[in-house]
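Student: based on what follows, work out the 3D shape:
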Amino acid sequence: DDLTDPAPATVFAHLDATTVLNRAIAEKGIYPAVDPLDSTSRMLDPNIIGEEHYKVARGVQSVLQKYKDLQDIIAILGMDELSEEDKLVVERARKIEKFLSQPFFVAEVFTGSPGKYISLEDTIAGFKGILEGKYDHLPENAFYMVGNIDEAIAKADKLKG
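Tutor: Next up, the predicted model:
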């Protein structure tokens with residue numbers, strides 16, 4: 001629970017990857033509740049995973065970090081006081097959070113949704129589209145518990161109608 005505790009901090013320095021679970025993410029109903037900002041991997045290198053994957057992953061982290069930085073302003077002043085650019089960051093970050101709830105087999109017991117295998121290419125393409133604003137017109141709930149971006153589009157149509 002405490003990443004600043006000397007014991008885990010010392011161990012983490014020697015690991016190639018760390019997956020950090022976050023109670024606040026679980027409280028939002030997002031499973032598995034992996035924190036993409038605190039989790040790390042030495043494999044997140046463009047020479048290992050490729051340039052596009054690297055840029056999309058870093059883009060996702062950047063948007064989520066900006067959203068995290070805006071949390072205090074939102075709590076005190078509300079969304080209306082944000083600039084249009086910051087509002088867009090918040091909207092995209094919330095879609096990213098929901099899209100991270102992809103229906104994993106390990107989360108079936110928590111979500112009641114059957115697990116699905118999603119290709120790496122589909123996952124990267126979905127997040128890239130969110131970052132580029134291709135899905136700004138879709139409601140954020142369309143991204144919750146879907147496998148790929150096509151399922152999010154179909155879910156958005158169902159939500160409309």
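Student: name the residues of stretch 68-88 that come out as buried.
Tutor: 70, 82, 86 (16 or more other Cβ atoms under 10 Å). All C-beta spots, glycine's among them, are computed from the backbone N, C-alpha and C.
Student: so for that stretch, what's the average pLDDT?
Tutor: Averaging pLDDT along stretch 68-88 gives 95.
Student: where's residue 142 relative to residue 120, distance?
Tutor: Residue 142 sits 22 Å away from residue 120, going by Cβ to Cβ, to the nearest Å.
Student: higher neighbour count, the two?
Tutor: Of the pair residue 142 and residue 120, residue 142 is the one with more neighbours under other Cβ atoms under 10 Å, namely 23 against 10.
Student: in what helix or strand does the closest residue to that one other than its chain neighbours lie?
Tutor: Using Cβ to Cβ, 6 or more residues apart in numbering and skipping residues adjacent in sequence, the residue nearest residue 142 is residue 156, 3.7 Å away. Using DSSP states H and E, residue 156 sits within helix 149-160.
Student: residues in contact with that helix?
Tutor: 99, 122, 125-126, 129-130, 135, 138-139, 141-143, 146 (Cβ atoms under 8 Å, 6 or more residues apart in numbering).
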